[in-house]
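Undergrad: predicted model follows, preceded by the sequence.
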Amino acid sequence: MPSEIEVDVVVIGGGPAGMAAAVAASKEGAHTVIIERERRLGGILNQCIHAGFGLKLYSEDLTGPEYAARLVEDVQAEGVKTFLNSMVLDLNERRELIVATDGGIVKIKASSVVLAMGCRERTRGMVGIVGTRPAGVYTAGVAQNFINVRNLMVGKKIVVLGSGDIGLIMARRLTLEGAKVVCVAEKMPYCCGLRRNVVQCLDDFGIPLLLGHTVTEIRGGRRVEGVVLSRVDERFNPVAGSEREVECDTLLLSVGLIPENELSRKAGVALDELTGGPVVNELFETSVSGVFACGNVLHVHDVADRASLEAYEAGRNAARWAKDQAQDADRIPVYCGESVQYVLPQRIDASKDSTLMFRAIRPGKKTSIIVLDGKRLIKEKCLDYVNPAEMETFHVSRKELEGAKSIELSIEYG
């Protein structure tokens, strides 16, 4: 029989969100544990040796490992118990977990659970690139791990497909290691990464960014010998006659991230088709009472600091729920309107102030953010610029929400 323990809060995942959630829950007086599948805390931060972390949380410019170390110190200072090299095998709606640990199988009964499992990369199979299957095709995150953690070089002449932030950062990293990055190809008519990364990772190193292009074929035998680049039309279909072969020995894929929600599904948590993560209310509580979600398992964030700050809220609320077993309040639905990729939370308590998080569907200057209750205007705000790569926030007061039955957030481009 597996050993059994009971705790107030279980946090699944020991990355920037999981550690922050555990610290916040512990500060609220909850007996808290973290379950992490790797042998140390930190998650993806441990392989992100570039700077840019901690600006919001610690007001310092830190590397990923430095940022992780700060959070680990916070976890240790709070006395949070950690199960490292441990895997959650099962989670049900009663908040019971079956965990495989170094010491055997453990059953944990939790008053509340925080989901913070992060996300995974989309692969070649998910984007449907035809051609042979030679060595030399990597996701950007795998290449980052090889170079930064294992000290292994992935190639000498590289094409990067996708302009997400990790792809841009790896284009710079590979250049600094002596490789030739031929180009970064992006099927969208705009870059999908942060503007600072375009400047610091591509412009500063003279790496071309080919917008409206994609890889339509991989060529090579034992090793990649080249790829075929094609322009795409407004429906992202390759334009006939635009093909050109580019010689390279490596293809790096930076084609999107997917929230890790297999455990969420096991627990019966409702998922949002737009974010790929759980549907949550303003407390970051999912459709299953006492189960909360934060970080990249909820929605893919632009910077790790935002994931940690969000997780502090989720951890605090999970601890309070474990103590009070609060009943669900009357909540109104939140909908995506025109030109919005997604909006969170999907349900809010209209008797309280709320902060909505959203992403635009395309870049634009002089935009208007509009929140409606049916046809009634609740609030409008102008932004100088919106970018799909950056998450935006919109604050709505309880006075503005008074009487609302539902709300819809839209973007109007100037």
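TA: Arrived safely, thanks for sending.
Undergrad: could you use CA atoms for every contact and neighbour count after this?
TA: Will do.
Undergrad: just the buried residues of the biggest helix by length in the chain, please?
TA: Scanning the chain for the longest helix, with DSSP state H as the assignment, gives helix 304-324. Of all the residues in helix 304-324, those buried under the rule 16 or more other C-alpha atoms under 10 Å are 304-323.
Undergrad: next one, pLDDT for the residue nearest the centre of the chain please.
TA: When C-alpha atoms, centre = their mean is applied to the chain, the residue found nearest the centroid is Val300 (2.3 Å). pLDDT for Val300: 95.
Undergrad: and the gap between it and Gly125?
TA: Look at Val300 and Gly125: by C-alpha to C-alpha, to the nearest Å, they are 21 Å apart.
Undergrad: what's the answer for Glu310, then?
TA: From Glu310 to Gly125 the distance is 32 Å (C-alpha to C-alpha).
Undergrad: same thing with Thr32?
TA: 39 Å.
Undergrad: where does pLDDT dip in the stretch 201-350 of the chain?
TA: For the stretch 201-350 of the chain, residues meeting the criterion pLDDT under 70 lie at 326-328.
Undergrad: quick one, strands of it?
TA: Ranges of strands in the stretch 201-350 of the chain, per DSSP state E, counting those that start in this stretch, are 209-211, 213-220, 224-231, 244-247, 250-253, 257-259, 291-293, 332-336, 340-344, 347-348.
Undergrad: got the buried residues for the second one?
TA: Judged by neighbour count (16+ other C-alpha under 10 Å), strand 213-220 contains these buried residues: 213-220.
Undergrad: and the contacts of that strand?
TA: 129-134, 161, 185-188, 224-232, 238 (C-alpha atoms under 8 Å, 6 or more residues apart in numbering).
Undergrad: ok, of the residues you listed, which come out buried?
TA: 134, 161, 185-188, 224-232, 238.
Undergrad: I figured Ala116 hits Ala293, correct?
TA: Yes. In this structure, Ala116 is within contact of Ala293 by C-alpha atoms under 8 Å, at 6.2 Å.
Undergrad: any shared contact partners between those two?
TA: In contact with both Ala116 and Ala293: no residue, using C-alpha under 8 Å, 6+ apart.
Undergrad: please name the nearest non-neighbouring residue to Leu271.
TA: Nearest non-adjacent residue to Leu271, counting by C-alpha to C-alpha, 6 or more residues apart in numbering: Pro278, 4.2 Å away.
Undergrad: from Leu298, how far off is that neighbour?
TA: Where Leu298 is concerned, Pro278 sits at a distance of 6 Å (C-alpha to C-alpha).
Undergrad: for Gly13, see how far away Ile34 is.
TA: The value you get for Ile34 to Gly13, if C-alpha to C-alpha is used, is 7 Å.
Undergrad: more neighbours: which of the two?
TA: Gly13 (31 against 26; other C-alpha atoms under 10 Å).
Undergrad: which residues touch that one?
TA: 19, 34-37, 43, 115-118.
Undergrad: would you mind putting the residues you listed into JSON lines with secondary structure and pLDDT alongside?
TA: Shown next, in JSON lines, are the contacts of Gly13 (DSSP: H, G, I helix; E, B strand; the rest coil; pLDDT from 0 to 100):
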{"residue": "Met19", "secondary structure": "helix", "pLDDT": "98"}
{"residue": "Ile34", "secondary structure": "strand", "pLDDT": "98"}
{"residue": "Ile35", "secondary structure": "strand", "pLDDT": "98"}
{"residue": "Glu36", "secondary structure": "coil", "pLDDT": "98"}
{"residue": "Arg37", "secondary structure": "coil", "pLDDT": "96"}
{"residue": "Gly43", "secondary structure": "helix", "pLDDT": "96"}
{"residue": "Leu115", "secondary structure": "strand", "pLDDT": "98"}
{"residue": "Ala116", "secondary structure": "coil", "pLDDT": "98"}
{"residue": "Met117", "secondary structure": "coil", "pLDDT": "98"}
{"residue": "Gly118", "secondary structure": "coil", "pLDDT": "97"}
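Undergrad: nothing else from me, thank you.
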